[in-house]
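S.K.: Prediction below, plus the sequence it came from.
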Amino acid sequence: MLLEISDLCIDFVSDDRTTRAVDGVSLTLDRGEVLGLVGESGCGKSATAMSIPRLLPSPPSKVAGGKILFDGQDLVNMPIPQLRKIRGAKIGVIFQDPMTSLSPLHRIGNQLEEVVLLHRDVSKAAARDMSLEWLAKVGIPDPEVRAKAYPFELSGGMQQRVMIAMGMMLEPDLMIADEPTTALDVTIQAQILDLMRKLHRKNSGLLLITHDMGVVYRMATRIAVMYAGQIVEQAPAEEFFRHPRHPYSRSLLAALPSASTRGNRLQAIPGQVPAAGNFPSGCRFHDRCSVAMPKCADTPPQLCQICENRLVRCLLAKN
Ligand code: SF4
């Protein structure tokens, strides 16, 4: 197994309180898979994903329990110098907002070369060739000219293509894409998703974090849904979209525009995701759930296997 996260708990610690944002998350990702980690903003998706290469600032964050194994290696307790060799080379990350992830002070080409030189024993000329090759691969016209540009001289779509080149150029075994298309308009979003699908290699795994069910529909082979710091459903993508089992998953899908809902008002989920540290008792979704029962307010549902490859956290879930 390429990635195994088991019972992961992440706390945010301040002077006067400790808040659990990720509560007992278990996930696996194998080579060739695209795992879509979905849920509304504030569900704990990004905290889970960024804890894999340990990119969450610590403090205030702290892994309070659980394991993260990457190719059998324990990332939680790995010494930082060893972890640095893995970041970028074996685990690539595409962030949501290229403007805050690319350095505004350095030319695009130099930033890409830096990534190569940090992890590969090659000459500067070879690193430059590789950078130009990847700028062309991600569809940037005139790579030689663009390589000399600063990030602010490129459009949002072009900047995100640079981020993809930066994340993928060392052909990492695991790619983590955190809301990679959220900052883009829909036509550019479609192009970026096509590009990521084209570049995803059969022998690598892609963890795609998004609140957009349309994005996972196009990309994912398996889906994990998060709500209030917990996994509430996991299923192969095809089965999930055919028959979502958790009421929260059904609500997320009902909010997705489709040909059959054209002209109708989309169904919004009432209320808001509770803030970490303020999760309700019982089922954490009970105050927003359209099929909640009285016992949901005080009985926390467990994540149960309802059939092969399917997990659901709901008191109504049946085998
Ligand atoms: Fe809804 Fe109850 Fe299931 Fe929670 S346990 S999702 S409140 S039916």
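M.R.: Yes, it's here.
S.K.: where does the stretch 1-150 of the chain have low pLDDT?
M.R.: Scanning the stretch 1-150 of the chain for pLDDT under 70 picks out no residues.
S.K.: So stretch 302-318, near the ligand or not?
M.R.: Yes: interface with the ligand: stretch 302-318 contributes 314, 315, 316 (C-beta under 6 Å from any ligand atom). In this view, the C-beta of every residue, glycine as well, is placed from N, C-alpha and C.
S.K.: Narrow these to those that are buried.
M.R.: Among these, those classed as buried by 16 or more other C-beta atoms under 10 Å are 314, 315.
S.K.: three-state assignment of residue 31?
M.R.: coil (DSSP: H, G, I helix; E, B strand; the rest coil).
S.K.: tell me the contacts of it?
M.R.: 2, 173, 202, 203, 204, 205 (C-beta atoms under 8 Å, 6 or more residues apart in numbering).
S.K.: Please apply the same query to residue 198.
M.R.: Residue 198 sits in contact with no residue, where contact means C-beta under 8 Å, 6+ apart.
S.K.: Surely it is in a helix?
M.R.: Yes: counting by three-state DSSP, residue 198 falls inside a helix.
S.K.: ok but residue 100 is inside a helix, no?
M.R.: Yes: Residue 100 sits within a helix when classified using three-state DSSP.
S.K.: For residue 281, which non-adjacent residue is spatially closest?
M.R.: Setting aside the residues directly before and after it, residue 281 is nearest to residue 298 in space (C-beta to C-beta, 6 or more residues apart in numbering), at 5.8 Å.
S.K.: And that neighbour, how far from residue 24?
M.R.: Residue 298 sits 19 Å away from residue 24, going by C-beta to C-beta, to the nearest Å.
S.K.: neighbour count winner among the two?
M.R.: Ranked by neighbour count (other C-beta atoms under 10 Å), residue 298 and residue 24 place residue 24 first, with 15 against 11.
S.K.: can you count the residues close to residue 212?
M.R.: Neighbours around residue 212, by other C-beta under 10 Å: 17.
S.K.: On the three-state scheme, the most centrally placed residue in the chain is what?
M.R.: For the chain, residue 209 is the residue whose C-alpha lies nearest the centre (C-alpha atoms, centre = their mean; 2.3 Å). Residue 209 carries the three-state label strand when classified by three-state DSSP.
S.K.: Quick check, pLDDT for it.
M.R.: At residue 209, the pLDDT value in this model is 92.
S.K.: Check the one 5 residues further on too.
M.R.: According to the prediction, residue 214 has pLDDT 82.
S.K.: change the start of the numbering to 477 and stick with it
M.R.: Will do, 477 is the new start, and the previous item becomes residue 690.
S.K.: what's the closest non-adjacent residue to it?
M.R.: Going by C-beta to C-beta, 6+ apart, residue 690 has residue 732 as its nearest residue, at 6.0 Å.
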